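Q: all I have is the shape, not the residue letters:
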């Protein structure tokens, strides 16, 4: 049984998430603040951690906890929960090594999908078996099982959401995907502008490896498409 | 009225300066004139004192105070009964129907009479005596009685003792008769005459006795000569103003100035002085108000501006009294042209200086007004800029350090703008804070609902569905609230590039038609227009404009997208049929945050927080573009335009 830890200062949300996760047959531990969580993690590391960024008095306690967790384990999957939109940018900017992040707007289902996705990726990583469904498109290489993306043979550090967006675009190069379709692909149900900012972040991550990257093209008023090389 | 004009009018007050100076010069001149008058009077007193010491002379003057004056007549007098060659026209003596003049030339005595008796009758030779005259002449030895009766007009003569003849002439003067007599007798002591009408004595002049005679007396000249000078002349006059003696006229009197602006100015300055009255009149009789006063026993000084020469002079008179009777008048005329020159030059100086002061004052006031105006204008501009530049409301408002009221005003503005800025910033983050605070309880509600749904299998429950619907709406509201703020934070990082605006709009038209289904969407697009910008932001801008147009456009109405150039600028506008813009708030305020005029009704599930057009403005500003909202008259509607700056070259 997978062990999921939730660090969330709001007791009602914490309890709700716990119930939902337990229904999926995860073993769940929850902690209201950073010190109690850290104390527990030092005794035993869970298989996955969901952390709220603002933890009671510590408005960025989640970031600190993430940093400390990364020192304990480099591979432990971590999902951030954010209440603020502005924090989304911060997370990607700080690049603390979180594997994904989710707005509190998101439904429990989305959380469950992300958790499952991360476990799948961790599993694939652990087995390290070659994947048959690998997608190659010019310098782009997508490994859906391990949720890994490579550009010019270098790995692009995408989150799960970002991975699914790229996956949805690159599977049909040249075909326009609307924002709604992308949301669907990534299993997120937020506003259209959030898709736009996800695409922006994806571009940024690619450009950090290759300044000339322009694989994702905006089609005015319609959506985005993967530019066939 | 502009400040500058107000100050200019204020500067006219400086004109009071020359007015005051004018008053001052006038008073000074008055003082000077008094001093001069006094000096002249004193000189006359000295002459009078000298004369009064001579008892015999005074007695003589007393005796002859009412004597008839033998006025010296010019050479070449015509004995014709006409008075043209007589220097004085005013009679020396008169009675009812009679006027008389008396004078003398070098060799004879002249008498002129004018009879205004229309019933004059001549005598018939050897017959009835007509109207006539009896003349008594007191000679040193004897009294001569001369009866004069005429037989007609014309000249004639009468024999006199010692083989002399009295010559006469009678002439008709139209309603009067002129009689002129010439007597070759010089040493006369007195004279009397009687008019006879039809031989009857009518009128005797004087009534009793004889008129003593007097005339110019050279023996008196020495009294005056000592005082006279180049600029002064003296006269001794009998009470009637006839000249008894006078000093020689100055030999080389300075040439008078032409009457000109100085005289005019002086007349203006000296005010009530009657300067126009010509002095002195004739050679042998002086007539003026000063002499009139002296006759009445009062010394006087009269200022004269001689019209001919344009010279300023004073005539001073002093009555000479004996036994309380005025027996003679001393008069002197002093040339005071220097005063005129002085006053004129003082006035000239005054006008010059006050003119310069005036100009200087106006100049300084103008400069001051300009500085003041510029300061006020700069303040106004700074406030305007700070007011319109909603980003960092007080960031670019530099309060003045000046210590005056304007500086205080500026500082007060800075303070006001500062707190306004704080308020605006608070308002701007309010939505963000609010949405943040709302998200957590919202998450509680949602996760609870979801759990409820999964656990109890109540997915089809009506109440649950409604709860989820409400939740979704709440969420959309929160998103709309934060959209502007998020855009504001991220907009500066947007990369700019060349955007084919014409192509972009053409593509967008397709989307617009699907988005706004209840209205027709048309477009007029000028092809080939490029701007520097961010395509995604421009799409967002179009979305908001279209959303706005769509919301106001009635079903089957028309929405028209237009792209064209206006001068150097590229204009993107979205017009829609529908109601015109309301008067309140003013159109430019529509682009401000949280200003909405949308009537709530149709799309109830879409929140309108007045942020759409604010986002348009944010994006436009990022492109250095200007936004404008205006009503369209025919057909009724509204137009929202974005004016992009100069055309960007095709990259």
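A: That came through fine. A quick note: this is a predicted structure, and the numbers were derived from the prediction, not measured.
Q: in three-state terms, label the spatially closest residue to residue B:181 that is not a sequence neighbour for me.
A: Nearest residue to residue B:181, sequence neighbours excluded (C-beta to C-beta, 6 or more residues apart in numbering or on different chains): residue B:111, at 4.3 Å. C-betas here are computed from N, CA, C, even on glycine. Secondary structure, DSSP: H, G, I helix; E, B strand; the rest coil: residue B:111 is strand.
Q: who does residue B:111 bridge with?
A: residue B:102, residue B:181 (DSSP bridges).
Q: who touches it in this structure?
A: The neighbours of residue B:111, taking C-beta atoms under 8 Å, 6 or more residues apart in numbering or on different chains as the test, are B:100, B:101, B:102, B:135, B:180, B:181, B:183.
Q: and the pLDDT for the one residue in the stretch 451-600 of chain B that gets nearest to chain A?
A: The nearest approach of the stretch 451-600 of chain B to chain A comes at residue B:511, 3.3 Å away (C-beta to the nearest C-beta). Per-residue pLDDT puts residue B:511 at 79.
Q: what does the helix or strand containing it contact?
A: Using DSSP states H and E, residue B:511 maps to helix B:501-515. Applying C-beta under 8 Å, 6+ apart, the contact partners of helix B:501-515 are A:219-222, B:521, B:523, B:525-531, B:533, B:535, B:538-539, B:542, B:546, B:550, B:559, B:561, B:563, B:570, B:572, B:644.
Q: my read: residue B:216 touches residue B:284, true?
A: Yes - the pair residue B:216 / residue B:284 is scored as a contact, 7.3 Å apart, by C-beta atoms under 8 Å.
Q: where do the contact lists of these two overlap?
A: Shared contacts of residue B:216 and residue B:284, defined by C-beta under 8 Å, 6+ apart, are found at B:72, B:243.
Q: between those two, who's got more neighbours?
A: Counted by other C-beta atoms under 10 Å in any protein chain shown, residue B:216 and residue B:284 do not tie: residue B:284 has more neighbours, with 21 against 18.
Q: next, the more buried one: phi, psi?
A: Backbone torsions of residue B:284, given as degrees, to the nearest 10, read phi -110, psi 0.
Q: which pLDDT value does the model give it?
A: 81.
Q: which secondary structure elements does the biggest helix by length in chain A sit against?
A: Longest helix in chain A, counting residues (DSSP state H): helix A:108-127. Secondary-structure packing of helix A:108-127 (3 or more C-beta pairs under 8 Å, 6 or more residues apart in numbering or on different chains; DSSP states H and E): helix A:11-23, strand A:48-52, strand A:78-82, strand A:100-103, helix A:160-171, helix B:405-456.
Q: what ranges of chain A fall below the confidence cut-off?
A: Applying pLDDT under 70 to chain A flags residues A:84-96, A:125, A:127-132, A:187-193, A:221, A:228-229.
Q: in space, not sequence, find me the middle residue of it.
A: residue A:100 (2.1 Å; C-alpha atoms, centre = their mean).
Q: who does the closest residue to residue A:26 other than its chain neighbours form a beta bridge with?
A: Nearest non-adjacent residue to residue A:26, counting by C-beta to C-beta, 6+ apart: residue A:4, 4.6 Å away. Beta-bridge pairing for residue A:4 (DSSP bridges): residue A:28, residue A:48.
Q: how close does residue A:4 sit to residue B:417?
A: Applying C-beta to C-beta, to the nearest Å, the value for residue A:4 to residue B:417 is 53 Å.
Q: tell me which of the two has more neighbours.
A: Higher neighbour count among residue A:4 and residue B:417: residue A:4, with 24 against 21, using other C-beta under 10 Å.
Q: got the residues of chain B near chain A?
A: B:432, B:436, B:439-440, B:442-444, B:446-448, B:450-451, B:454-455, B:475-476, B:478-479, B:482-483, B:486, B:489-490, B:504, B:507-508, B:510-512, B:535-536, B:539, B:542 (C-beta under 8 Å from any C-beta of the partner chain).
Q: give me the beta-bridge partners of residue B:164?
A: residue B:160.
Q: and for it, the neighbour number?
A: 14.
Q: quick one, what contacts residue B:113?
A: B:98, B:99, B:100, B:101, B:133, B:178, B:179, B:180, B:181.
Q: would you check that residue B:471 makes contact with residue B:444?
A: No - with contact defined as C-beta under 8 Å, residue B:471 does not reach residue B:444; the gap is 11.1 Å.
Q: and those two? Which one has more around it.
A: residue B:444 (18 against 15).
Q: neighbours of the closest residue to the more buried one other than its chain neighbours, how many?
A: Closest residue to residue B:444 apart from its sequence neighbours, by C-beta to C-beta, 6+ apart: residue A:12 at 4.2 Å. Other residues within reach of residue A:12, judged by other C-beta under 10 Å, total 15.
Q: same check on the one 10 residues further on?
A: Burial of residue A:22 is recorded as 12 neighbouring residues (other C-beta under 10 Å).
Q: kindly provide the distance from the closest residue to it other than its chain neighbours to residue A:11.
A: Excluding the flanking residues, the one nearest residue A:22 by C-beta to C-beta, 6+ apart is residue A:28, at 5.4 Å. Applying C-beta to C-beta, the value for residue A:28 to residue A:11 is 14 Å.
Q: and what of residue B:344?
A: Relative to residue A:11, residue B:344 is positioned 107 Å away (C-beta to C-beta).
Q: and what of residue B:362?
A: Distance from residue B:362 to residue A:11, by C-beta to C-beta: 82 Å.
Q: quick one: which of the two has more around it?
A: Using other C-beta under 10 Å, the more surrounded residue of residue B:362 and residue A:11 is residue B:362, with 16 against 11.
Q: quickly find the element holding that one.
A: Using DSSP H and E, residue B:362 falls in helix B:337-388.
Q: tally of neighbours for the closest residue to residue B:566 other than its chain neighbours?
A: Spatial nearest neighbour of residue B:566, excluding adjacent residues (C-beta to C-beta, 6+ apart): residue B:643 at 7.4 Å. Using other C-beta under 10 Å, residue B:643 has 18 other residues around it.
Q: ditto for residue B:55
A: The tally of other residues near residue B:55 (other C-beta under 10 Å) stands at 9.
Q: what do you get for the one 4 residues further on?
A: By the measure other C-beta under 10 Å, the count of residues near residue B:59 is 12.
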